[in-house]
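Engineer: sharing a model prediction with you, sequence too.
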Amino acid sequence: MNIFGTMQKMGRSLMLPVACMPAAGILLGIGGNSEVAKFLPDIVAQVMSEAGLGVFANMSLLFAIGVALGFTKNDGVAALAAGLGYLTMVRVLGVVAPGTETGVFGGVIMGLVAAQLFNKYHTIQLPTYLGFFGGKRFVPIVTSLAACVVAGILAVIWQPIGAGIAAFSEWAAYQSPEVAFGIYGIVERSLIPFGLHHIWNAPFFYEVGQFTTA
């Protein structure tokens, strides 16, 4: 597959986790809005708010699963491997580089790794005494091991990447917002005909910037 086809597939893969957001946003908007929630029993408002937050708090995991599904023709084993790999990566990062937050980028990376390993090993044949772990069952195992390696690499390279994202956020929000928004809009509109705008949008929607809870 050429680079353009791969990028299109990536764009379609990102659509699946994005499709989860409207329902979560509605739940969070109703349950977390004091003006609306006052018409509901407290327990109902709290349940709706937490249900919406549950989706937004795990967007990285959803991106890992969505990307893996998109590159493996919606195979459930690949999704399981991506989820396992992402959780493993996060735990290992917590040990080797405490405080490192890769966000949705980490999810996308782990989804790509899981998909690649699935496509390579889902038909693997092991010796008879290990036959139970052959085929698709081997994929989650090798993905969890690969996640440890990915975590080690990210522990080294993510600090400058994260600093770059933070610096770009600062520039876009406070120094040259007009230029930043203009560049974003031109590129986003240019990519729409090719179906690649979801790749461009993902870091802006889920990574760039920061917030403080009230």
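Structural biologist: Good, I have the coordinates.

Engineer: before we move on, which element is residue 69 in?
Structural biologist: When elements are defined using DSSP states H and E, residue 69 is found to belong to helix 59-70.

Engineer: could you point out which element follows that helix?
Structural biologist: Using DSSP H and E, the helix or strand that follows helix 59-70 in sequence is helix 76-96.

Engineer: any regions of the protein where pLDDT drops low?
Structural biologist: 1-2, 37, 165-166, 168-174, 184, 187-214 (pLDDT under 70).

Engineer: rerun at 90
Structural biologist: For the chain, the stretches flagged by pLDDT under 90 are 1-49, 52-57, 59, 73-74, 99-105, 126, 128-131, 158-214.

Engineer: so which residues of it form helices?
Structural biologist: Counting by DSSP state H, one finds helices in the chain at the ranges 3-19, 21-32, 34-37, 42-56, 59-70, 76-96, 103-121, 138-170, 177-191, 197-206.

Engineer: now the angle from the helix holding residue 69 to helix 76-96?
Structural biologist: Between the axes of helix 59-70 and helix 76-96, defined by axes from the mean of the first three to the mean of the last three CA atoms, to 10 degrees, the angle is 140 degrees.

Engineer: for helix 59-70, buried residues please.
Structural biologist: If you call a residue buried by 16 or more other CB atoms under 10 Å, then helix 59-70 has these buried ones: 59, 60, 61, 62, 63, 64, 65, 66, 67, 68, 69, 70. Just so you know, the C-beta spots here come from the backbone N, C-alpha and C atoms, and that holds for glycine as well.

Engineer: kindly report the same for stretch 79-89.
Structural biologist: By neighbour count, and taking 16+ other CB under 10 Å as the criterion, the buried residues in stretch 79-89 are 79, 80, 81, 82, 83, 84, 85, 86, 88, 89.

Engineer: let me have the residues you listed in a markdown table, extended by distance to residue 128.
Structural biologist: Output for those, formatted as a markdown table (distance: CB to CB, whole Å):
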| residue | distance to residue 128 |
| --- | --- |
| 79 | 29 |
| 80 | 25 |
| 81 | 24 |
| 82 | 29 |
| 83 | 30 |
| 84 | 26 |
| 85 | 28 |
| 86 | 32 |
| 88 | 28 |
| 89 | 32 |
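
Engineer: tell me what the helix holding residue 69 is packed against?
Structural biologist: helix 3-19, helix 76-96, helix 103-121 (3 or more CB pairs under 8 Å, 6 or more residues apart in numbering; DSSP states H and E).

Engineer: helices and strands around the longest one, which ones?
Structural biologist: Here helix 76-96 touches helix 59-70, helix 103-121, helix 138-170, going by 3+ CB pairs under 8 Å, 6+ apart.

Engineer: send me the shortest one as CSV with only the CA atoms.
Structural biologist: Output for helix 59-70, consisting of C-alpha atoms alone and laid out as CSV, is shown next (Å, rounded to 0.1, in the frame of the first residue of the first chain):
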residue,chain,number,x,y,z
MET,A,59,-9.7,8.7,24.6
SER,A,60,-6.1,7.4,24.2
LEU,A,61,-7.2,3.8,24.8
LEU,A,62,-10.1,4.3,22.3
PHE,A,63,-7.7,5.7,19.7
ALA,A,64,-5.4,2.6,20.2
ILE,A,65,-8.3,0.3,19.6
GLY,A,66,-9.7,2.3,16.7
VAL,A,67,-6.4,2.4,14.9
ALA,A,68,-5.8,-1.3,15.4
LEU,A,69,-9.2,-2.1,14.0
GLY,A,70,-8.8,0.1,11.0
